[in-house]
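>>> below are the sequence and a predicted model; questions follow.
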Amino acid sequence: MGAYVRVHPDGNAEVRTVRKGEPFSFLVRPDGAAELLESRPRTWRYPLGRGLLFLGATLAVTMVATIVGIKLFKDSRADAGLGWAAALCGIGLIAGFIGEVVLHSQVSRPSGESWERVGGAEL
């Protein structure tokens, strides 16, 4: 998921990240010791994002298999369903993309001092 990091003048680093939908904030000392500063419960975004990703992947894979099956067996009666299969595949890809955006929007840049993004997708 990535994290946001800022380094304090005393050498300590503050790290904000999300693990399985739960936001965490850590203080990492120069010797590598870490201390949990804050944690909050999971938000509604995590199950929504995971659900959209699962729905999108299922629709996309199922519809691609359907389209390949129709074209492979050259069934002219099934060609009418080809448009529906392509539309559902498109909807699945869109749902998966929205799910990914929802999951990655959980770690937002804190306001104020300069924070640097470390790892994760660049959305």
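Sure, I can see it. What you are looking at is a predicted structure, and each value in this text was computed from that prediction instead of being measured. Numbering: from 1, shown residues only.
>>> how is the chain partitioned into domains?
3-42, 45-104 (automatic domain parsing).
>>> how far does the first one sit from the chain's center?
What separates the centre of domain 3-42 from the centre of its chain is 20 Å, taken as Cα atoms, centre = their mean, to the nearest Å.
>>> ditto for the last one
For domain 45-104, the distance from its own C-alpha centre to the chain's C-alpha centre is 18 Å (Cα atoms, centre = their mean).
>>> okay, how far is it across it, tip to tip?
Domain 45-104 has an end-to-end distance of 10 Å (Cα to Cα, to the nearest Å).
>>> and the shortest one, by the same measure?
Across its full length, domain 3-42 reaches 16 Å end to end, with Cα to Cα as the criterion.
>>> coming back round to it: for the domains of the chain, which one sits closest to Glu116?
Set against Glu116 and scored by Cβ to Cβ, those come closest in domain 3-42, at 5.4 Å. Glycine gets a C-beta too; all of them are placed from N, C-alpha and C.
>>> separation between Leu59 and Arg19?
28 Å (Cβ to Cβ, to the nearest Å).
>>> same drill for these two, tell me which one is more crowded.
When neighbours are counted by other Cβ atoms under 10 Å, Leu59 and Arg19 differ, and Leu59 comes out ahead with 20 against 11.
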